[in-house]
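Trainee: A predicted structure for the sequence below; I have some questions about it.
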Amino acid sequence: ALPMFRLMVDLLAELDKRVATLDREIARRAKEDEAARRLMTIPGIGPIAATTIVALAPPVETFAKSRDFAAWLGLAPRQHSTGGKQRLGSISKMGERTIRRLLIIGGSSVVRQACRNGAPAGSWLERMLARKPRMLVSVALANKMARMVWALLTRNEDYRAPAVATV
């Protein structure tokens, strides 16, 4: 059994080297692409998510507003509205799976950091974490990040952190 385990360990080491090489290549390409560089200024979006968005998402001009982009990803809540009363359900999950998954993972990392180190006082994230479960906040943050992605790509700007209102 020992020779078989050594063979498996060697195969895993070789796969780790290949993954590290591919990660470096993705990071290099993300730094070279202007749109990906802008997207990486958003907290929770790294080189992999940025290059995936640039590669898989249709041109942002396709979407009239940021909610349409979030709905295309499957991150916008279903609407059951009638008579002027708005009722929002759960997210539809019908859309681009890869980008949605990466945005949720990025949102989860931001939420985890906020839980460990504390969210900025008075911020949207702090208020949400105080009253909602962490996973729900992660998905809501992914929705918010998708809307930021649309805005950054539409306006050709870098991300600017929102100012926290003092009361």
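Mentor: Noted; the coordinates are in hand. Residues are numbered from 1 along each chain as shown.

Trainee: C-alpha only now, for contacts and for neighbours.
Mentor: OK.

Trainee: so which elements touch the longest helix anywhere in the chain?
Mentor: Using DSSP state H, we find that the single longest helix of the chain is helix 2-32. When contacts are defined as 3 or more CA pairs under 8 Å, 6 or more residues apart in numbering; DSSP states H and E, helix 2-32 packs onto helix 34-39, helix 47-56.

Trainee: show me the shaky parts of this protein.
Mentor: Scanning the chain for pLDDT under 70 picks out 78-81, 86-94, 163-167.

Trainee: tell me the buried residues in the longest helix of the chain?
Mentor: Buried residues in helix 2-32, counted by 16 or more other CA atoms under 10 Å: 26, 27, 29, 30, 31.

Trainee: rewinding a little: and the helices and strands packed on helix 2-32: which comes nearest residue 127?
Mentor: In terms of CA to CA, the element of those nearest to residue 127 is helix 34-39, at 25.0 Å.

Trainee: the closest one packs against which elements?
Mentor: Using 3+ CA pairs under 8 Å, 6+ apart, the elements in contact with helix 34-39 are helix 2-32, helix 47-56, helix 134-155.

Trainee: who touches it?
Mentor: Residues outside helix 34-39 that contact it (CA atoms under 8 Å, 6 or more residues apart in numbering): 30-31, 45, 47, 50-51, 54, 149, 152-153, 156-159.

Trainee: nearest the middle, which residue of this protein would you pick?
Mentor: Note on the chain: the residue nearest the mean C-alpha position is residue 103, at 2.0 Å, using CA atoms, centre = their mean.

Trainee: for that one, give me its contacts.
Mentor: Neighbouring residues of residue 103 by CA under 8 Å, 6+ apart: 44, 45, 49, 142, 145, 146.

Trainee: re earlier: need the helices and strands packed on helix 34-39 in JSON lines (columns: distance to residue 115).
Mentor: Listed next are these as JSON lines, based on distance: least, CA to CA, whole Å:
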{"stretch": "helix 2-32", "distance to residue 115": "28"}
{"stretch": "helix 47-56", "distance to residue 115": "22"}
{"stretch": "helix 134-155", "distance to residue 115": "9"}
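
Trainee: any idea which of those gets closest to residue 72?
Mentor: Smallest distance to residue 72 across these (CA to CA): 9.9 Å, for helix 134-155.
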